[in-house]
Structures are given as C-alpha cells and as structure tokens.
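Q: Kindly return the folded structure for what I paste below:
(one chain, ligands or ions: 1)
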Amino acid sequence: MAFDIDMIKAVYERYPERIAAARKVVNKPLTLSEKILYTHLWDGAADTEFKRGGSYVDFAPDRVAMQDATAQMALLQFMQAGKDKVAVPSTAHADHLIQAKLGADKDLQESLNKNNEVFNFLSSVCNKYGIGFWKPGAGIIHQVVLENYAFPGGMMIGTDSHTVNAGGLGMVAIGVGGADAVDVMAGMPWELKFPKLIGVKLTGKLSGWTASKDVILKVAGILTVKGGTGCIVEYFGEGAKSLSATGKGTICNMGAEIGATTSTFGYDDSMRRYLKATDRADVVELADKVADHLTGDPEVYAEPEKYFDQVIEINLSELMPHVNGPFTPDLATPIDKLGEVAKKEGWPLDIEWGLIGSCTNSSYEDLTRAASIAKQAVDKKLKTKSDFGINPGSEQVRFTAERDGLLGVFEDLDATIFTNACGPCIGQWDRAGADKQEKNTIIHSFNRNFSKRADGNPNTHAFVTSPELVAAMAIAGRLDFNPLTDTLTNEDGEQIKLDPPTGTELPEKGFDVEDNGYQEPAKDGSGIEVVVKPDSERLQLLTPFKEWDGKNISGMRLLIKAFGKCTTDHISMAGPWLRYRGHLDNISNNCLIGAVNAFGKATNEVVNQLTGEKGEVPATARAYKAAGIPSIVVGDHNYGEGSSREHAAMEPRHLGVIAVIVKSFARIHETNLKKQGMLGLTFANEADYEKIKEDDTFNFLDLDQFAPDKQITLELVHADGSKEDIKLNHTYNSQQIAWFKAGSALNLIREKANA
Ligand code: F3S
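A: Sure thing, here's the model as predicted:
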C-alpha cells in the first residue's frame, strides 16, 4: 500500500474530466496549482469556483507522510479510529530522533539504544495498519518521499512543514498537524483555505557557483518569512525547465521558510529523468498521457500577471550565489557582499563548522557538486579550516555516493559522515562545547537557521547556503571568503583558486542500494499486536475522551486567563518536551506553562481555587480534574498561533478543560480544539475578557441547545455572589457539534467504523 501505481493511475484517469469541470467554473486558463487543487476536491468534479484566499474547501489527498517525532501522536490517535487499515497510501520515517555526534554507525546505534521503544512502536503500528515504515538510518522523510512516492500532479499531506519538498516532482504537498493526517488516513476529507497564487518566472540558466538553492535564497530575501503565507508558489519558465528535479525540490522545500502553503513546478523532462532513475518509468508512462494537465496552461505563463496574485521574475543567468542569515533564513546576502556585511554587522568571521545535508540539500547531485570542490582541495593540497560534516539524505544516496567515491573525497578532507537523518538540522547535534554558549559562526546547506536550532547555543550564527558553497567556505574557514574571486594558500604556499563546482544530476551508473531500510507492512495486519508498555515514559495508548451528556456544564473554574500572545509553544512547549510527544499524560505536564497569567503576569503560576494556594498550571488542572471540577481557559487575540501541533488541544482536554474562551483564535488551533471535543468560543463582546475574575465560577446556561450560528450564554458567578451573563460566539457547524457531542472527532469516526 505504501507505493501504489494503481492509485496514481486512478488520479490521472480522473484528470481530464475534472479539469474540464474546473475550466467551466473558473472560466479562464488554469495554473498548475489550480489544476491539482480542482482535481483533488473531496466532492468530485467542481461545480463552483472557489475564492482564492477565501473559501474553505474539502480535499482528498492521495498520500500521507509522517516523521517519527509527529507520527507518534498521529498514530496513537489513528489507533483509536477503529479502522483496520489506512484509507490512502501512507508512510512513516524515523529520521528526527537520531543525534549527530561521532559518525553514522555509532550515532545510529546510540539512537537505537535510546529510542528503541518508540521505533518498535512505530514499526509495529505501521505494520498493522498498512503503513510503510522507513527505519532509522533509511533517510530523511522528504528525500525518501521524493525518491519513492512523489508524483507529478498528486496531492500529499505530511506531518512536517517541509513536506512541501515534493513540489520538486510537481506535487501539491502540504505540511499539517497529526490530527489532519489521522483524518485523511481514516478516509475523511481534509480542509484547506483555497490558497492565493504567487508565480515565479525563471529565465536564463544557472552557471558557475550559482545553484538551485540560490533561487529560493533570493526569493526568501524578496518575500521575507511571511510573504508566502496562504499562497502556493508556482515556478515556471525556461529557467524552471533547466533545473534538476532535486534542485526543484530544494526550492520547494524552503518555501516553508517564506510561510508558503506549498510550492510546485510543472511536469517536465527533469522529472521524467528523475522518475526513471528512481525506478518509476511506469509513472512517467502514465504522466505522459496527461502531460498537458500536469503543468499550467500556456496562456497563464505567457501573461502571468493576469492569472497570479503576485509575480516575481528571476534571471538565473544573472543570479549571484547567496548566503542567508544569521538567525533568519530571509536575510539574503549575495556572496560578493558577504564579507563587507559580516564585518559591518560584527558576525564572527571564522567559520567553525560546515554542514551539508538536511531534507533541503542532500541529493546525489548536491553531493557531487560539493565533492567536486572537496576534490579540488585534496588535489591542490588544501585542508578544511572548519570542521566538516555530511548527512546524506537517504541510504540510496549514501550507498551510491560511497560506490562512486564521493564520500571518500569528503573523508579525505577529514569530514565526518553522519547518519542519513536530520541530525544537526533539528538540534540533534551533540556539538562539543556548545554549552559554553560562545559566539561563533557555522555555515550549512539546511533550510532553517533560527537561534539555537542546530546546537542549542543562542550565540551560534548559522548561515544557509548551497552545499558547494558550504564546501568552499569550510575549506577557507572564513565568512569573508568569496570563492568566485579569492584565492587560498595551500600547504606549499601556492595561491589556489577553486574552479566552479561540477556535478552530476543523476548517477551515471544508476542508483544502487543494498538495504534501503524500508519495512513493507503486512498484507493482513489484524493479528499484529501493537506493544506499548503500561509503565512507559515515552508512549501511552490513548483512551477515548468522554462523550458529552447533553446537559449544561456548570461549576467550572478558571485554570488560567492568558495575557497577550499565547502560541502553541506557550501551550505545549517543544525542546526537551519532544521526548514525550507520544505520551499524553507526561507531555501534559507542559500544558500552558509558557502562558502569561493575566493575574500577576507570571508564567506557570495560577491560584488553585480549591486551596487558595499558588500552583503550577498543569498541577492545578490535575487538582480540579481529581475533584471532578471542569475548568476553562481564557485567552486574548490569535490564541493558538504557531504550529499545528494537536498536543496544544489534547493536553488541556486531557486535564479536564472544557472550554477555551478567547478574543480570537488562530484557525488551525480552533479546529484542533473542535476535533478533540472541546469548546473553542469567542467573546461576542471582546471587552468581556475583562469581566473574567480569577476566582469566578462559570456556568453554561444554554449549552444544551448548542446549534450552528447560535450564541452560547455563560454565567459568571463572582466570589461575592454577584452574577452576570456574557454571550459567546462559535463557528461550529453541525458536523463539528457532532464531534463535541461524541467527545472528539475520532470518537465519531470510530462509532461510524463500528456501526
Ligand atoms: Fe529533518 Fe531538518 Fe528536514 S529536521 S525533515 S532535515 S528541515
């Protein structure tokens, strides 16, 4: 079920009819993004035009991908859905939980020792429910997806923001939270606001030191980290056709860094070559039959301003290599200005580490281009001044690169080859001395460079660039080195100028691998037992949340009235808490510990109204729950902004919170609350936020008449016995009210499955 050519065939078979229907309703030439969206409507062929940036639309994605950190809770939830198998081809990838320290073999063994319980759980649950499992060391989710599953014109969701990487093969691939993945795996529709469209026209051709990475580094500089929000970025033009498929993947990957919903490219020869090289000539054969549908209409690309909401043009022939950072991926500096800017800004000029890898830049082509620089250094008696590390993107890439001598070249330059995994890109880097928090510079080919991301040191200045530039800069060891113009002094005192990189798009002898690390799920998983030890610290089977008894809920106490910004990080922190992502009770000990209490303005300190004593938020919630007293959370504007992690809704639910009442919600979090069977309500009159007192008791007066578009009345009983009613709004439709009644959306899915 993990790779399904019949599924791809079925998708392409419906393309002509659905595109024809879309043409009728849209009534103008179509972009590629619209074609993919309109062919993946949950309700079949389009009978109405959707408003870009306005309409909420139900889609039917073709695939689901999950990584190990997010898959745990997604799969624990899926286990509750009462399904025997996933409804769409799905895979899980063990790539985040592997630390980089000593080198691939030792690090992988260490991770197996530490995380075996989680890996075994993922392996058995995947096996049972028909989900392909890529074992630790098999590779980074998005590289593996590109090599095995992505296909032109498809739609995929994944529980990782860089799922968008699959746009390199012409998909609409979107990062989501685990609860969304569960819906799709359980055979339910997936909702998305119909995106706006940004067109990026690429002219010219890359040459010299400029790489695909520089396209997105440039775009990030233009659009900034927010510029793509709510948009699909569609690349087109002769320049786009000249890029390799993995290079396109790099560009789409970092679309996440400009906030884009996703990015994509039209089907072309580079995709044909890549699909064939990765053993998928059958996909090419099918795609060729509908090739016109797998790219935007010619009229769209001829006059893009008429069809896109925004258009950017970049001439690849004139594009300069870029280095972006530090601390944000949109601070773009062309290489010829980097030294000057670095000195002016006081960035440390000595580069301590050069790192190549991550889902952004770990393809075979990436390694060949970086190796061509490394080889020159070896041949011309240069040594790396910086430490140098490589994380290959997949075992297939690693095996082939080793066979072709690429890894040997890096090792000749004293590079450490780390596991085929995320490693330093997700802070899984045991970097010696990082705890001293010294100011220093590193340069890498990853996508994100926020403070502390790679090594936990807030003073590490991390710069993002192409793999070949990482190699050159690691050899020079200086941020003010420009390989296009500058020379280096070798062992013999000679001045050496590095030639521009050369690379091979695809291995001349083809890809090869002995054990790709894939576990095919059982055909019939009904006999497979998923083992979760009752005393496990890391994993806990979920028990269904209780259904609502249909009565007005009363006697509620205030858990916390959050003041100001309250993101999902404030509600469910990451960092060390990542360890408990598969254990709802343990991770609930971080519930709202980052939120500022409106009374006293402290974090993680609220008054327990049962004792009158101050306590931590999770402990206070547990005290109310133990006493059988329901609680509420009150918040300000845009409550729950940030990531789509469902833990931020599941934790309060688990701790007995009934309702979250705020001035306004971030949309995904509001949906997550609804899915977990909670009440996400907003003040009809924002000023009523001020009426909520720390020691109030709360009663719903008409919740028993809960209905779409009908306000809910909340009675506040103040400590002096006085009472006042406030009105609350909600956006629940009848389906979502059914989730609340059932206790959660999952309970409803299970009820239907058992019916
Ligand atoms: Fe992994 Fe970093 Fe990509 S964490 S999935 S390599 S962004």
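
Q: Show me how the chain divides into domains.
A: Domains of the chain are assigned by automatic domain parsing as 5-318, 323-496, 556-754.

Q: isn't residue 334 right up against residue 322?
A: Yes: between residue 334 and residue 322 there is a contact under CB atoms under 8 Å: 5.7 Å. For the C-beta atoms, the positions are set from N, CA and C on the backbone; glycine is no exception.

Q: For the one helix or strand residue 113 maps to, buried residues please.
A: In this assignment (DSSP states H and E), residue 113 forms part of helix 104-129. By neighbour count on 16 or more other CB atoms under 10 Å, the buried set for helix 104-129 is 104, 107-108, 110-112, 115, 117-119, 121-129.

Q: now stretch 229-236
A: So for stretch 229-236, counting by 16+ other CB under 10 Å, buried means 230, 231, 232, 233, 234, 235, 236.

Q: What of stretch 434-446?
A: 434, 440, 441, 442, 443, 444, 445, 446.

Q: Show me which of those is closest to residue 727.
A: Set against residue 727, the nearest of the buried residues of stretch 434-446 by CB to CB is residue 446 (48.5 Å).

Q: List the contacts of residue 179.
A: 74, 77, 646, 649, 672, 675, 676, 745 (CB atoms under 8 Å, 6 or more residues apart in numbering).

Q: show me where the stretch 551-700 of the chain has helices.
A: 568-571, 584-587, 617-626, 647-654, 667-675 (DSSP state H, counting those that start in this stretch).

Q: Now render the contacts of residue 179 as TSV, adding pLDDT and distance to residue 297.
A: Converted to TSV, the contacts of residue 179 look like this (pLDDT from 0 to 100; distance: CB to CB, whole Å):
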residue	pLDDT	distance to residue 297
74	96	37
77	96	40
646	91	38
649	97	41
672	93	37
675	94	37
676	96	42
745	93	38
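
Q: which of these are buried?
A: 74, 77, 646, 649, 672, 675, 676, 745.

Q: In JSON lines: those residues, plus distance to residue 556.
A: JSON lines is the format used below for the buried ones among the contacts of residue 179 (distance: CB to CB, whole Å):
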{"residue": "74", "distance to residue 556": "30"}
{"residue": "77", "distance to residue 556": "26"}
{"residue": "646", "distance to residue 556": "23"}
{"residue": "649", "distance to residue 556": "18"}
{"residue": "672", "distance to residue 556": "21"}
{"residue": "675", "distance to residue 556": "21"}
{"residue": "676", "distance to residue 556": "17"}
{"residue": "745", "distance to residue 556": "23"}
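
Q: Tell me the one of those nearest residue 396?
A: For these, the nearest to residue 396 is residue 74 (25.4 Å; CB to CB).

Q: Tally up the residues packed near the residue of the stretch 551-700 of the chain found nearest the ligand, please.
A: The nearest approach of the stretch 551-700 of the chain to the ligand comes at residue 578, 11.4 Å away (CB to the nearest ligand atom). As a burial measure, residue 578 scores 15 neighbours (other CB atoms under 10 Å).

Q: Tell me who's in contact with it.
A: Residue 578 makes contact with residue 69, according to CB under 8 Å, 6+ apart.

Q: For the stretch 301-450 of the chain, what lies in contact range of the ligand?
A: The stretch 301-450 of the chain comes close to the ligand at residues 358, 359, 422, 425, 426, 447, as judged by CB under 6 Å from any ligand atom.

Q: Shouldn't residue 274 be within a helix?
A: Yes: according to DSSP: H, G, I helix; E, B strand; the rest coil, residue 274 belongs to a helix.

Q: how much space is there between it and residue 363?
A: 9 Å (CB to CB, to the nearest Å).

Q: Common neighbours of the two, please.
A: 146, 246.

Q: Residue 633 touches residue 556, doesn't it?
A: No: if you go by CB under 8 Å, residue 633 and residue 556 don't touch, sitting 10.5 Å apart.

Q: who touches both of those two?
A: Shared contacts of residue 633 and residue 556 (CB under 8 Å, 6+ apart): residue 659.

Q: Compare the two (neighbour count), which wins?
A: Using other CB under 10 Å as the criterion, residue 633 and residue 556 rank with residue 633 on top: 27 against 21.

Q: Let me see the contact set for that one.
A: Contact partners of residue 633, counting by CB under 8 Å, 6+ apart, are 558, 559, 560, 561, 562, 592, 652, 657, 659, 660, 661.

Q: Do you know the pLDDT at the second one?
A: Looking back up the chat, that one is residue 559. Listed pLDDT for residue 559 reads 98.

Q: Spatially central, which residue of this protein would that be?
A: Nearest residue to the geometric centre of the chain (CA atoms, centre = their mean): residue 161, 1.4 Å.

Q: For that residue, which non-adjacent residue is closest in space?
A: Of all residues not flanking residue 161 in the chain, residue 175 sits nearest, at 3.9 Å (CB to CB, 6 or more residues apart in numbering).

Q: returning to what we had before: just flag the most distant two among the buried residues of stretch 434-446.
A: Every pair of the buried residues of stretch 434-446 checked by CB to CB; the farthest is 434 and 445, at 19.7 Å.

Q: Surely residue 163 is within a helix?
A: Yes: per three-state DSSP, residue 163 lies within a helix segment.

Q: In space, what's closest to it - neighbours in sequence excluded?
A: Once flanking residues are discounted, residue 163 sits nearest to residue 175: 4.4 Å by CB to CB, 6+ apart.

Q: and the one you found, backbone torsions?
A: Main-chain dihedrals, residue 175, degrees, to the nearest 10: phi -80, psi 140.

Q: Give me the pLDDT for it.
A: In this prediction, residue 175 has a pLDDT value of 94.

Q: just residue 453 next, same as before
A: Note on residue 453: pLDDT of 85.

Q: count of neighbours near it?
A: Here the count is done by other CB under 10 Å, and residue 453 has 19 residues near it.

Q: Could you count how many residues lie near the residue nearest to residue 484 when sequence neighbours are not counted?
A: Nearest residue to residue 484, sequence neighbours excluded (CB to CB, 6+ apart): residue 209, at 5.7 Å. Close neighbours of residue 209, defined as other CB under 10 Å, add up to 22.

Q: can I assume residue 209 is in contact with residue 321?
A: Yes: applying CB under 8 Å as the test, residue 209 and residue 321 come out as touching, 4.8 Å apart.

Q: any residues in contact with both of those two?
A: 335, 466, 469, 484.

Q: is it true that the third one touches residue 321?
A: Okay, so that is residue 469. Yes: with contact defined as CB under 8 Å, residue 469 reaches residue 321; the gap is 5.6 Å.

Q: that older thread, who are the contact partners of the residue nearest to residue 161?
A: Going by CB under 8 Å, 6+ apart, residue 175 touches 157, 158, 159, 160, 161, 162, 163, 164, 256, 644.

Q: what about the chain, any weak spots by pLDDT?
A: In the predicted model, the chain carries pLDDT under 70 at residues 1-3.

Q: can you give me the offset of stretch 304-316 from its chain's centre?
A: Remark: stretch 304-316 is offset 26 Å from the chain centroid, using CA atoms, centre = their mean, to the nearest Å.

Q: Residue 45 - that's part of a helix, no?
A: No: Residue 45 is assigned coil when assessed by three-state DSSP, not a helix.

Q: phi, psi of residue 440?
A: The phi/psi pair for residue 440 (degrees, to the nearest 10) reads phi -160, psi 170.

Q: Excluding residues flanking it in the chain, which one is nearest it?
A: Closest to residue 440 by CB to CB, 6+ apart is residue 352, at 4.9 Å.

Q: likewise residue 731?
A: Distance criterion CB to CB, 6+ apart; nearest residue to residue 731, sequence neighbours excluded, is residue 670 at 7.1 Å.

Q: got it, and residue 478?
A: Once flanking residues are discounted, residue 478 sits nearest to residue 349: 5.6 Å by CB to CB, 6+ apart.

Q: ok, back up a step: tell me which of residue 334 and residue 322 has more neighbours.
A: Neighbour count, other CB under 10 Å: between residue 334 and residue 322, residue 322 has more, with 26 against 17.

Q: In the stretch 101-250 of the chain, what residue spans correspond to helices?
A: Under DSSP H, counting those that start in this stretch, the stretch 101-250 of the chain gives helices at 104-129, 141-148, 178-185, 212-223, 238-241, 245-253.
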